[in-house]
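Q: Sequence first, predicted coordinates after that:
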Amino acid sequence: MKSYITLGIETSCDETGAAVYESSKGLLSNALFSQIELHKLIGGVVPEIASRSQLEKIAPIITAALEQAAMQLSDIDVVAVTNKPGLPGSLLVGLCFAKAIAWAQQKKLIGVNHLEGHIFSSFLENKVPFPHLCLTASGGHTALFLVHGFGNYTLIGHTEDDAAGEAFDKIAKLLNLPYPGGPEIEKRAQEIGFQDFFQYPRHNPKSLDFSFSGLKTAVLYDLVKRKFYDMHKKQLLSDDQELKNKVASSLLVCMGDIFTQKMSLALQKYPEVKAITFVGGVACNKYLRKRLHEVAQAHKLPFFFPSPQFCTDNGAMIAFVGNYKAEQGKFSGWDLDILK
Ligand code: KG4
Ligand code: ZN
């Protein structure tokens, strides 16, 4: 098989990522700029701010990735770029930049689906056997995949509304906690011992699909019932830290129950799987990892999750997928778009 050197570019949301991956040597570099500080002020990602920042950072981040790999653009064989799904303005920055580089340097171009990037992010540090089950949970997506091989995977369950990370972010905002909500919820849940104080509702146990918008409403109504939230003024009436810790803890335990229940159901339906993986920004969460690890152990299966730098959005996972697509001869044309 021909070997390739691939430059991966990720700009689908609020991270600008670039990385170099080589078929024989693996990951050579990984550069990232995260916009978290910009969006903290508003408490969520503002698309217009995100795309402007992408435009500012794309050139320096690609330069950093090339420098870390001790390479020049002319050394690259393939430019791989996230072309969907994501925020249109942000995606277009990466896609146009990738096309310009590939055109000017006469290199091959490959469009990578952002979710495929997350699914295979567990391979950056591990050899994961096929077939396996992959739970992808981030701020934009929550889905279960049956993964058969490189580039070969089936969606077996997905969220009908909000993503898991989005639920953490929205509920954190409700509690006047900083963005992103996930790490703050985890910290507070740990402080109070990962107990289920408020028993928020769990979703349909028979389906592999997820639904989190009801969870946010349940938390809201529970706070109203306890006279901690004013629906008319749309504001929290108390700054009681213990209450916030209890909500965070109950929410995390609820999420843990949902994830483990869906994974157990998927294992019943697909007994042939040889491993479980947990990827995406929410997979940074140690409590949720532990819960899923327990499911894997109960089924005597290995459990894999990427280190935090590869859980949240990054260029490395895009370079990795682009690299195997190059090996498979799956190149894109100049008509590569963010919609198809
Ligand atoms: O993968 P990612 O960087 O971006 C998307 O593709 O959406 O994921 C960001 C999401 C945010 O919603 C954030 O709250 C969540 O990942 N997150 C966490 C943790 N760290 C980040 N959720 C739970 N626990 C964490 N430790
Ligand atoms: Zn992502």
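A: Good, I have the coordinates. Residues are numbered from 1 along each chain as shown. Ligands and ions are numbered 1, 2, ... in the order given.
Q: Around ligand 2, pick out the residues from the stretch 51-200 of the chain.
A: By C-beta under 5 Å from the ion, the residues of the stretch 51-200 of the chain that approach ligand 2 are Ser138. Just so you know, the C-beta spots here come from the backbone N, C-alpha and C atoms, and that holds for glycine as well.
Q: for ligand 1, what are the nearby residues on the stretch 51-200 of the chain?
A: Ser138, Gly139, Gly140, Gly165, Glu166, Phe168, Asp169, Pro180, Gly181, Gly182, Pro183, Glu186 (C-beta under 6 Å from any ligand atom).
Q: what about 5 Å?
A: Ser138, Gly139, Gly140, Gly165, Phe168, Asp169, Pro180, Gly181, Gly182, Pro183, Glu186 (C-beta under 5 Å from any ligand atom).
Q: so who does the residue of the stretch 51-200 of the chain found nearest ligand 1 touch?
A: Proximity of the stretch 51-200 of the chain to ligand 1 (C-beta to the nearest ligand atom) peaks at Gly182, 2.0 Å away. Contacts for Gly182 (C-beta atoms under 8 Å, 6 or more residues apart in numbering) come out as Gly165, Phe168, Asp169, Ala172, Gly281, Val282, Cys284, Asn285.
Q: Which pLDDT value goes with the residue of the stretch 101-250 of the chain found nearest ligand 2?
A: Distances from the stretch 101-250 of the chain to ligand 2, computed as C-beta to the ion, single out Ser138 as the nearest residue at 4.3 Å. For Ser138, the model assigns a pLDDT of 95.
Q: Please enumerate the strands of the stretch 151-300 of the chain.
A: 152-158, 229-230, 235-236, 276-279 (DSSP state E, counting those that start in this stretch).
Q: Identify whichever of the ones you listed lies nearest to Ser51.
A: Ser51 lies closest, by C-beta to C-beta, to one member of the strands of the stretch 151-300 of the chain: strand 276-279, at 25.0 Å.
Q: so does the closest one get close to ligand 1?
A: No. If you take C-beta under 5 Å from any ligand atom as the test, strand 276-279 misses ligand 1, and the best it gets is 8.4 Å.
Q: same deal with stretch 211-231?
A: No. Residues of stretch 211-231 contacting ligand 1 under C-beta under 5 Å from any ligand atom: none, with a closest distance of 11.2 Å.
Q: Using PDB, write out every CA atom in that stretch.
A: C-alpha atoms of stretch 211-231 as PDB (Å, rounded to 0.1, in the frame of the first residue of the first chain):
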ATOM      1  CA  SER A 211     -33.300  12.700  23.900                       C
ATOM      2  CA  PHE A 212     -31.900  15.400  26.100                       C
ATOM      3  CA  SER A 213     -34.200  18.500  25.700                       C
ATOM      4  CA  GLY A 214     -36.700  17.000  28.200                       C
ATOM      5  CA  LEU A 215     -33.900  16.600  30.700                       C
ATOM      6  CA  LYS A 216     -33.200  20.400  30.600                       C
ATOM      7  CA  THR A 217     -36.900  21.100  31.000                       C
ATOM      8  CA  ALA A 218     -37.100  18.600  33.900                       C
ATOM      9  CA  VAL A 219     -34.200  20.300  35.700                       C
ATOM     10  CA  LEU A 220     -35.800  23.700  35.100                       C
ATOM     11  CA  TYR A 221     -39.200  22.600  36.500                       C
ATOM     12  CA  ASP A 222     -37.600  20.900  39.400                       C
ATOM     13  CA  LEU A 223     -35.800  24.200  40.300                       C
ATOM     14  CA  VAL A 224     -39.100  26.100  39.900                       C
ATOM     15  CA  LYS A 225     -40.800  23.600  42.200                       C
ATOM     16  CA  ARG A 226     -38.100  24.000  44.800                       C
ATOM     17  CA  LYS A 227     -38.500  27.800  44.500                       C
ATOM     18  CA  PHE A 228     -35.000  28.300  43.200                       C
ATOM     19  CA  TYR A 229     -35.900  29.600  39.800                       C
ATOM     20  CA  ASP A 230     -38.300  32.300  38.600                       C
ATOM     21  CA  MET A 231     -39.900  31.300  35.200                       C
END
